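Enquirer: need a structure here:
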Amino acid sequence: MDTTVSHTADPTPPALADPTDYLTVPQVAFALRLSQETVWRMARSGTLAAYRVGNGRGQVRISRDAFRAYLTATGLPAGLSAVAASAPSSSRERAPWTKPRR
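Expert: Numbering: from 1, shown residues only. Below is the predicted model of the structure:
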């Protein structure tokens, strides 16, 4: 089964896009139960449509639509999109259901 998701000609999001329409790498990794490195590899290879924001290395963002398309292409449950949205947007943030650090 081919799990690649086609890219648009310009993967850059619209200038006035709502920032809540995009997911971070930690959110996608959490939803898919993968490491962040695996999600970055998927973005670099084109398996998961993503774009970079900022200067230099910047940060990677995945649109919710691209994530839903990936879920559909791979046959994963569409509900994982909601799981990703509720996950911490940064690996530095703690999820509310985890124990506090001592």
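Enquirer: use CA for all of it now, contacts and neighbours both
Expert: Will do.
Enquirer: for the strand of greatest length in the chain, which helices and strands make contact with it?
Expert: When the chain is parsed with DSSP state E, its longest strand is strand 59-63. Contacts defined by 3 or more C-alpha pairs under 8 Å, 6 or more residues apart in numbering; DSSP states H and E place strand 59-63 against strand 22-24, helix 25-32, strand 51-53.
Enquirer: each with direction, which strands does it pair with?
Expert: strand 22-24 (antiparallel), strand 51-53 (antiparallel) (DSSP bridges).
Enquirer: deepest in the core, which of these is it.
Expert: Mean neighbours per residue, mean count of other C-alpha atoms under 10 Å, is largest over those for strand 22-24, with a mean of 22.
Enquirer: of all the strands paired with strand 59-63, which one is nearest Ile62?
Expert: Ranking the strands paired with strand 59-63 by proximity to Ile62 (C-alpha to C-alpha) places strand 22-24 first, at 5.1 Å.
Enquirer: any idea of the mean pLDDT in that closest one?
Expert: Taken as a whole, strand 22-24 has an average pLDDT of 91.
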